[in-house]
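*Asks:* Any chance you could fold what I've pasted below:
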Amino acid sequence: MDQLCQEFQHGQLHEPTNQIRLLEISAVNRGDAEPTVHCQLSTWRVGQQPEYVAVSYTWGYSSDQQSISANTRPLRVYRNCYDVLIQIWDSGNRSYLWIDAICINQADDEEKSHQVAMMGFIYKTAWQVHVCLGPHSDASDELFGCMNHHSSCIGEILQGCVVDIEARRSQDSLRKLLRKYTTFEYLSHLSLQDINAAVKALRQLSERSYFRRLWMIQEFLLSQRAVLFCGTSSIDLRQLRCFYDDLTKYYRETKVQRQTAGKMHEIDMWFPTRNLVALLQNHNESA
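*Replies:* Next up, the predicted model:
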């Protein structure tokens, strides 16, 4: 058989408890019907590895697979993994990546056992965790746009607040400033229809299969910084939590229709942001 046609084979990890593989996407060629993903795998001793991003996602179905090029050899991966690689490439990220389906030899049970035991370390050591939620659907593109705009506005407000506080030191002025620079000012410019749409989109985002994974708890809690990717959009998890908290606060402290408030209560019951991200924030503050 021609050597170029041979399937990719993982090289052995001689110290599977003290080594990890990292992946670099070198190119995505879009000339074919399906884009071809080219990547390179390299092995690193723990403590000597470069900065890398750990990827968190759902595996999907084994019956739905796609071929990529790994170290110039073909490698079959689940469709979700393939889509994640393209999503990360399109985001402009050129970092080293750790993605379990590729960086662990799934055919070697002994290696897999050791590497799975290291996953806490892997996610904690990553400089970022990219949470890949899949393509846009159910108005998630508008939701991410709204959340990013909210974050941008709050950043401008806080910057102005610092300038004003430095100029006016009295406690009375500070109280007025803090009251002035609340996010209610931002949300009050949105129509009730826009806010209802954001609530609905948050609920639908929370129903994605990713948020039903047990592993996500470890991957979120141990990360230094988590960024959510959906379609071509992304947002820092802390910014999402800020948007969610501001939205719930706005609903609770202003007069809203009961039906709309009920929808917010539904999200409050099971949307992971309130409990999980609060734990993440506490973890980061104590780190």
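*Asks:* Only C-alpha atoms from now on, for both contacts and neighbour counts.
*Replies:* Will do.
*Asks:* CA atoms only: put the helix or strand residue 40 falls within into CSV for me.
*Replies:* Assessed by DSSP states H and E, residue 40 sits inside strand 36-45. Taking Å, rounded to 0.1, in the frame of the first residue of the first chain, the C-alpha atoms of strand 36-45 are listed here in CSV:
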residue,chain,number,x,y,z
THR,A,36,-9.9,19.5,4.4
VAL,A,37,-8.4,20.1,7.8
HIS,A,38,-4.6,19.7,8.0
CYS,A,39,-3.1,19.4,11.5
GLN,A,40,0.1,18.4,13.2
LEU,A,41,0.4,16.5,16.4
SER,A,42,3.4,16.7,18.7
THR,A,43,4.3,15.2,22.1
TRP,A,44,5.3,17.2,25.1
ARG,A,45,6.6,16.4,28.5
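*Asks:* quick one: average pLDDT of it?
*Replies:* Strand 36-45 carries an average pLDDT of 97.
*Asks:* by contact count, what packs against that strand?
*Replies:* strand 19-29, strand 65-70, helix 79-90 (3 or more Cα pairs under 8 Å, 6 or more residues apart in numbering; DSSP states H and E).
*Asks:* Mind putting the ones you listed into TSV with distance to residue 236, mean neighbour count and mean pLDDT?
*Replies:* Below are these laid out as TSV (distance: least, Cα to Cα, whole Å; neighbours: other Cα atoms under 10 Å; pLDDT from 0 to 100):
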stretch	distance to residue 236	mean neighbour count	mean pLDDT
strand 19-29	22	19	96
strand 65-70	29	19	94
helix 79-90	15	19	94
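*Asks:* who does the strand holding residue 40 pair up with?
*Replies:* strand 19-29 (antiparallel), strand 65-70 (parallel) (DSSP bridges).
*Asks:* So which of these is nearest residue 118?
*Replies:* Among these, the nearest to residue 118 by Cα to Cα is strand 19-29 (9.1 Å).
*Asks:* Just the C-alpha atoms of that closest one, please, in PDB.
*Replies:* Only the C-alpha atoms of strand 19-29 are listed here, as PDB (Å, rounded to 0.1, in the frame of the first residue of the first chain):
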ATOM      1  CA  GLN A  19       3.300  13.400  28.600                       C
ATOM      2  CA  ILE A  20       0.600  14.900  26.500                       C
ATOM      3  CA  ARG A  21       0.000  15.400  22.800                       C
ATOM      4  CA  LEU A  22      -0.900  18.800  21.400                       C
ATOM      5  CA  LEU A  23      -2.400  19.700  18.000                       C
ATOM      6  CA  GLU A  24      -1.800  22.500  15.600                       C
ATOM      7  CA  ILE A  25      -4.200  23.300  12.700                       C
ATOM      8  CA  SER A  26      -1.900  24.100   9.900                       C
ATOM      9  CA  ALA A  27      -4.500  24.800   7.200                       C
ATOM     10  CA  VAL A  28      -8.100  24.300   6.200                       C
ATOM     11  CA  ASN A  29      -8.500  23.900   2.400                       C
END
